[in-house]
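Participant: Next input, structure requested:
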Amino acid sequence: MKLKVKNLDWLACRPLVILNEFTAKKLNVTVEERVMIKTSSKKIYSIVDISKNNIKNNYIGLSRELSSLLNKKDNSPVEITTSIVS
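Facilitator: Next up, the predicted model:
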């Protein structure tokens, strides 16, 4: 599933993404599950958190750690899939 990036200015001390609850349902993921974020040159696995209000539908919020690793600007597309890594 393609989602748009929203870079969040906070530290999570681990790779963390925040999804809107509707987007999480589409991906069939819950809190603490993992997703794979794929760009043209990188694949990164991350832990999921879910928010009702802070992230728009079809967006993915990236912690500062992930933002620096992926180096994507706001509204840039990324591919998200559920992860078999646990």
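
Participant: Next, give phi and psi for the spatially most central residue of the chain.
Facilitator: With distances taken as Cα atoms, centre = their mean, Val17 lies nearest the centre of the chain, 3.7 Å away. Torsion angles at Val17 (phi, psi; degrees, to the nearest 10) stand at phi -120, psi 150.

Participant: Please tell me I have it right and Ser67 contacts Lys6.
Facilitator: No. With contact defined as Cβ atoms under 8 Å, Ser67 does not reach Lys6; the gap is 9.5 Å. Backbone N, C-alpha and C define where each C-beta goes, glycine included.

Participant: Please work out which residues outside the helix or strand bottoming out on mean pLDDT in the chain touch it.
Facilitator: The helix or strand of the chain with the poorest confidence is helix 64-70; it has a mean of 93 (mean pLDDT, DSSP states H and E). In this structure, residues lying in contact with helix 64-70 by Cβ atoms under 8 Å, 6 or more residues apart in numbering are 5, 7-17, 37, 39, 42, 44, 46, 62, 78.

Participant: Pretty sure Ala24 sits in a strand.
Facilitator: No. Counting by DSSP: H, G, I helix; E, B strand; the rest coil, Ala24 falls outside a strand, being helix.

Participant: so what's the closest residue in space to it that isn't next to it in sequence up against?
Facilitator: Closest residue to Ala24 apart from its sequence neighbours, by Cβ to Cβ, 6 or more residues apart in numbering: Ile50 at 4.9 Å. Ile50 makes contact with Ile18, Leu19, Asn20, Glu21, Ala24, Thr30, Val31 under the criterion Cβ under 8 Å, 6+ apart.
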